[in-house]
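Chemist: one predicted model, sequence on top.
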Amino acid sequence: MVKVPTVTFNNGQVYPVLGLGTWKSKVGEVTQAVKDAIDIGYRHIDCAFVYGNEKEVGEAITVKINDGTVKREDLFITSKLWNTFHRPDLVRGALQATLTNLNLKYLDLYLIHWPQAYKEDGPLFPSDESGKILFSDVDYVDTWKAMEKLVDEGLVKSIGISNFNSKQIVRLLEHATIKPVTNQIECHPYLNQKRLKDFCEERGIKITAYSPLGSPDRPWSQPGDPQLMDDNKLKAIAERLGKTTAQVLIRYQIDRGNIVIPKSVTKSRIASNFDVLDFKLSQEDMALIDSFDCNGRMVPMNASLGHKYHPFENEEF
Ligand SMILES: NC(=O)C1=CN([C@@H]2O[C@H](COP(=O)(O)OP(=O)(O)OC[C@H]3O[C@@H](n4cnc5c(N)ncnc54)[C@H](OP(=O)(O)O)[C@@H]3O)[C@@H](O)[C@H]2O)C=CC1
Ligand SMILES: O=C1CO[C@H](CO)[C@@H](O)[C@@H]1O
């Protein structure tokens with residue numbers, strides 16, 4: 001069985017650089033996808049409460065532990081605290097719901113999914129009559145303090161952040177007792193995040209690259225919107241190397257030292273996306289791919305525009 005290389009977090013925990021994404025993986029498909037992934041060799045699964053499929057992910061994990069394919073300690077399971085549970089008194093219960101869904105006693109990594117909070121005690125996307133999301137002004141620093149307690153209690157091994165901008169990270173670090181191990185952010189050649197990556201790494205925070213294939217199944221995509229995987233320049237590189245475009249995109253992240261979590265529910269793609277450990281991109285190809293950067297954000301989170309903690313509105317980086 002091929003073993004995935006690992007990164008070492010600032011707390012000494014090692015984490016596989018390649019994981020399986022599960023956003024948009026339908027409940028009728030995700031259990032089989034996660035079972036296939038574990039059989040293929042994936043040991044890192046990226047989940048979130050808001051994806052609405054953690055129970056089905058958990059069923060796959062339970063089957064693969066019970067049939068002896070893996071032990072719990074071989075797996076690296078990440079999940080994320082949703083925006084409606086930022087109030088410190090809600091954080092532990094939100095984690096417990098995720099642990100119950102996943103049928104686990106602890107998580108390897110728990111992230112604050114977004115810096116901005118939504119109105120508590122209701123739907124995951126609370127909105128007014130006009131459809132506008134209802135915000136909460138809970139401060140992510142207070143949420144972080146509650147996340148730290150989960151580490152102290154042994155319920156999560158590491159904690160991190162997702163979609164935080166550089167200013168928010170500075171402010172978080174001023175108050176944190178435990179440093180975030182990673183910032184999970186959108187990252188691919190159209191949004192290579194060089195500045196935020198350098199900024200995080202200078203502070204000991206690893207980048208986890210989400211939507212590494214450009215999220216072609218993002219729900220808000222309109223006909224005519226740019227699709228990273230259709231880029232002829234990337235296709236040409238892949239053809240020259242005898243690889244698929246997806247393999248080049250995944251390897252691009254690994255060769256930058258990032259963690260990468262491509263999503264698929266298709267067994268052949270889950271397998272080919274894993275088959276990236278026997279080659280490396282040349283410095284010339286890395287520089288060429290770097291040059292495709294064009295602020296091409298695929299997950300802009302427009303639903304929470306206007307929130308004081310929206311990470312991409314008016315942010316420098
Ligand atoms: N923290 C956050 O805010 C966010 C986190 N994420 C995480 O990152 C993961 C990955 O990002 P995501 O936005 O899902 O998008 P990806 O960039 O991983 O793209 C997924 C899409 O690509 C298709 N695909 C996968 N492999 C191949 C292949 N080899 N050839 C052709 N098509 C392929 C999939 O199809 P199919 O499944 O049909 O095979 C699916 O449509 C998420 O699933 C989630 O876990 C994502 C967005 C936000
Ligand atoms: O991870 C993600 C995907 O789905 C969520 C909403 O449905 C996004 O907000 C988030 O970034």
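Modeler: Happy to help now that I have it. Ligands and ions are numbered 1, 2, ... in the order given.
Chemist: then E174 would be within a strand, right?
Modeler: No: with DSSP: H, G, I helix; E, B strand; the rest coil as the criterion, E174 is helix rather than part of a strand.
Chemist: how many other residues sit next to it?
Modeler: By the criterion of other Cβ atoms under 10 Å, E174 has 8 neighbours. The way it works is simple: take the backbone N, C-alpha and C, and place the C-beta from them, glycine included.
Chemist: quick one: it from S268, how far?
Modeler: Going from E174 to S268 by Cβ to Cβ, to the nearest Å gives 47 Å.
Chemist: confidence score at V2?
Modeler: Looking at V2, its pLDDT is 85.
Chemist: swap in N314?
Modeler: Looking at N314, its pLDDT is 80.
Chemist: just want the residue of this protein that's nearest ligand 2.
Modeler: Across the chain, no residue is closer to ligand 2 than W23, which sits at 4.4 Å (Cβ to the nearest ligand atom).
Chemist: where does that residue sit: helix, strand or coil?
Modeler: Of the three states, W23 takes coil according to three-state DSSP.
Chemist: quick check: the nearest residue to it once chain neighbours are set aside vs I45, distance?
Modeler: Closest residue to W23 apart from its sequence neighbours, by Cβ to Cβ, 6 or more residues apart in numbering: Y51 at 5.2 Å. Shown here: Y51 relative to I45, a distance of 11 Å by Cβ to Cβ.
Chemist: still on that earlier bit, list the contacts of the residue of the chain closest to ligand 2.
Modeler: Neighbour list for W23: A48, Y51, K263 [criterion: Cβ atoms under 8 Å, 6 or more residues apart in numbering].
Chemist: filter the residues you listed down to the ones near ligand 1?
Modeler: The subset of these within reach of ligand 1, by Cβ under 6 Å from any ligand atom, is K263.
Chemist: which of the contacts of W23 are buried? Put it as a PyMOL command.
Modeler: Per 16 or more other Cβ atoms under 10 Å, the buried members of those correspond to this PyMOL selection:
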select buried, resi 48+51+263
